[in-house]
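K.L.:
Next come a sequence and a model predicted from it.
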Amino acid sequence: MTREVEIPTVRLLRYGLHGVFYVLLAVALGRSSGPSSDSWVALSGGIGLGVVYAAGLITFGRRRTALLVWLAAVTLIWAALCLLSTDFVWLAFPLFFICLHLLPLRAGGAAVLALTGVSVGTLALHEGALTPALVVGPVMGAMVAILTVTGYAALYRESERRRALIDELTRTRAELAETQHEAGVLAERQRLAREIHDTLAQGLSSIVLLLRATPPDPAGYVGEAMRAAEDNLAEARRFVHALAPPGLDGSLEEALRRLCSRQGAAFQLDGEAYPLPRGAEIALFRIAQSGLANVSRHARASKAALTLTYMEDEVAMDIVDDGRGFDPLTRSGNGLGFIRDRAAELGGVVTVESAPGLGTALAVTLPVP
């Protein structure tokens with residue numbers, strides 16, 4: 001038999017039931033005491049019943065077979081004592097609860113009916129006649145026991161169902177919290193990867209390219225490399241302190257003009273400029289940095305242009321070059337992936353049109369609240 005954890009209320013009820021049994025037994029022993037031989041037999045049998053019942057308390061919670069044997073022994077001794085004295089009949093009441101507790105529902109109900117029959121029969125035997133008064137007491141006791149145990153069983157099942165639901169809810173909340181934590185960690189890692197790719201990696205790549213192209217008179221190239229290194233050093237410091245990109249000081253248009261000038265690309269502004277959310281400005285500037293860096297490193301283009309267009313409910317940015325192009329379906333590096341992720345965070349859309357030998361057009365559209 002599976003051992004279950006017993007709650008304090010159930011333990012208290014069980015102790016109370018045993019206490020009622022011994023109180024009724026003590027009353028029966030007191031009323032049965034006398035000088036006659038039958039009294040001595042009843043007294044001895046009552047003491048034996050108390051000892052056997054106490055032995056059952058020691059084995060309570062052990063093997064089910066031992067409990068059933070103990071219950072059968074207690075019932076037989078009680079039935080024999082009822083034949084000696086009607087004072088032992090009222091011990092049937094705690095026995096009702098014990099049978100309903102240890103036996104299955106149907107078997108427990110049958111045992112209660114049997115104990116009720118023994119109680120009524122012994123009362124009728126001692127009185128010499130069967131009267132309604134002799135039947136009412138045992139029957140009412142049996143009904144109270146059955147209703148009490150049935151009601152408690154229903155409450156216990158409901159309590160267990162609610163406990164299972166609470167446990168499931170607790171597990172679900174814990175799993176959800178863990179999932180959200182993992183998603184937050186993953187999102188932060190992706191953000192850091194994009195930031196590093198768009199800033200430090202791009203700048204360091206420019207430094208490498210400039211140093212590789214150093215001619216016999218390196219003064220101009222070294223100076224350009226120094227400026228790139230200084231810009232990326234400032235970028236790293238700003239990034240650590242969670243500030244806006246250094247290149248985005250002032251308006252977005254001015255920042256993009258300076259960026260295009262450094263990268264050798266043309267800049268064009270369409271529409272009337274209006275203030276954008278800071279997150280949108282940073283996203284567009286980062287995308288421009290990454291897109292123009294890709295043009296410089298991979299496109300081998302002779303011309304490149306960046307167009308920023310303000311519309312009524314959205315802003316668009318296009319980067320076009322006449323370079324060697326590529327197939328977007330078969331080639332997509334981390335740069336394009338980061339651009340798509342950055343735009344998607346703000347509900348934007350990224351479109352790439354390119355073909356080998358026909359240049360590339362990168363279009364980004366962000367909604368404006």
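P.N.:
Right, received. Where do you want to start? Numbering: from 1, shown residues only.

K.L.:
where do the helices sit along the stretch 101-250 of the chain?
P.N.:
According to DSSP state H, counting those that start in this stretch, the stretch 101-250 of the chain carries its helices in the segments 105-127, 132-196, 202-212, 219-240.

K.L.:
which strands and helices sit next to the first one?
P.N.:
For helix 105-127, the contact count by 3 or more CB pairs under 8 Å, 6 or more residues apart in numbering; DSSP states H and E identifies helix 64-84, helix 92-102, helix 132-196 as packing neighbours. (C-beta placed from N, C-alpha, C; glycine too.)

K.L.:
now for those helices, which one comes closest to Ala54?
P.N.:
Go through the helices and strands packed on helix 105-127 one by one with CB to CB and the one that ends up closest to Ala54 is helix 64-84, at 10.5 Å.

K.L.:
so which of the helices and strands packed on helix 105-127 gets nearest Thr122?
P.N.:
helix 64-84 (4.1 Å).

K.L.:
what comes up buried for the closest one?
P.N.:
Leu67, Trp70, Leu71, Ala73, Val74, Thr75, Ile77, Trp78, Ala79, Leu81, Cys82, Leu84 (16 or more other CB atoms under 10 Å).

K.L.:
what would those look like in JSON lines with distance to Ala111 and pLDDT?
P.N.:
Compiled in JSON lines, the buried residues of helix 64-84 are given as follows (distance: CB to CB, whole Å; pLDDT from 0 to 100):
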{"residue": "Leu67", "distance to Ala111": "13", "pLDDT": "82"}
{"residue": "Trp70", "distance to Ala111": "14", "pLDDT": "86"}
{"residue": "Leu71", "distance to Ala111": "8", "pLDDT": "85"}
{"residue": "Ala73", "distance to Ala111": "14", "pLDDT": "89"}
{"residue": "Val74", "distance to Ala111": "12", "pLDDT": "89"}
{"residue": "Thr75", "distance to Ala111": "8", "pLDDT": "89"}
{"residue": "Ile77", "distance to Ala111": "15", "pLDDT": "89"}
{"residue": "Trp78", "distance to Ala111": "12", "pLDDT": "89"}
{"residue": "Ala79", "distance to Ala111": "12", "pLDDT": "89"}
{"residue": "Leu81", "distance to Ala111": "18", "pLDDT": "88"}
{"residue": "Cys82", "distance to Ala111": "15", "pLDDT": "87"}
{"residue": "Leu84", "distance to Ala111": "22", "pLDDT": "84"}
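
K.L.:
Just name the closest of the residues you listed to Glu314, please.
P.N.:
Closest approach between the buried residues of helix 64-84 and Glu314, by CB to CB: Leu67, at 77.4 Å.

K.L.:
any idea how far Ala55 is from the closest one?
P.N.:
Leu67 sits 11 Å away from Ala55 when distances are taken as CB to CB, to the nearest Å.

K.L.:
Repeat that for Ala154.
P.N.:
Taking CB to CB as the measure, Ala154 falls 32 Å from Ala55.

K.L.:
for the helices and strands packed on helix 105-127, which one ends up most surrounded?
P.N.:
Here the criterion is mean neighbour count by mean count of other CB atoms under 10 Å, and of those the winner is helix 92-102, at a mean of 22.

K.L.:
Which neighbouring elements make contact with that one?
P.N.:
Helices and strands touching helix 92-102, by 3+ CB pairs under 8 Å, 6+ apart, are helix 8-32, helix 64-84, helix 105-127, helix 132-196.

K.L.:
average pLDDT across that helix?
P.N.:
The predicted model assigns helix 92-102 a mean pLDDT of 86.

K.L.:
now it, how far from the chain's geometric center?
P.N.:
42 Å (CA atoms, centre = their mean, to the nearest Å).

K.L.:
Report the inter-axis angle for that helix versus helix 8-32.
P.N.:
Between the direction of helix 92-102 and that of helix 8-32, the angle (axes from the mean of the first three to the mean of the last three CA atoms, to 10 degrees) works out to 150 degrees.

K.L.:
List of residues touching helix 92-102?
P.N.:
The list of residues contacting helix 92-102 from outside it, by CB atoms under 8 Å, 6 or more residues apart in numbering, reads 17-18, 20-21, 24, 67-68, 71, 74-75, 78, 108-109, 111-112, 115-116, 118-119, 138, 141-142, 145-146, 148-149.

K.L.:
same question, stretch 125-134
P.N.:
Leu83, Thr86, Val120, Leu123, Ala124.

K.L.:
Between those residues, which sits nearest Val350?
P.N.:
The shortest approach to Val350 among the contacts of stretch 125-134 belongs to Val120, at 89.1 Å (CB to CB).

K.L.:
tell me the contacts of the closest one?
P.N.:
Val120 sits in contact with Leu130, Leu134, Val135, Pro138, Val139, where contact means CB under 8 Å, 6+ apart.

K.L.:
what about 7 Å?
P.N.:
Residues near Val120 by CB atoms under 7 Å, 6 or more residues apart in numbering: Leu134, Val135, Pro138.

K.L.:
so what's the second one closest to, chain neighbours aside?
P.N.:
Closest residue to Val135 in three dimensions, ignoring its sequence neighbours and counting by CB to CB, 6 or more residues apart in numbering: Val120, at 5.4 Å.

K.L.:
Got the confidence number for that neighbour?
P.N.:
Confidence at Val120, expressed as pLDDT, is 88.

K.L.:
now it: how far from Ala80?
P.N.:
When Val120 is compared with Ala80 (using CB to CB), they lie 17 Å apart.
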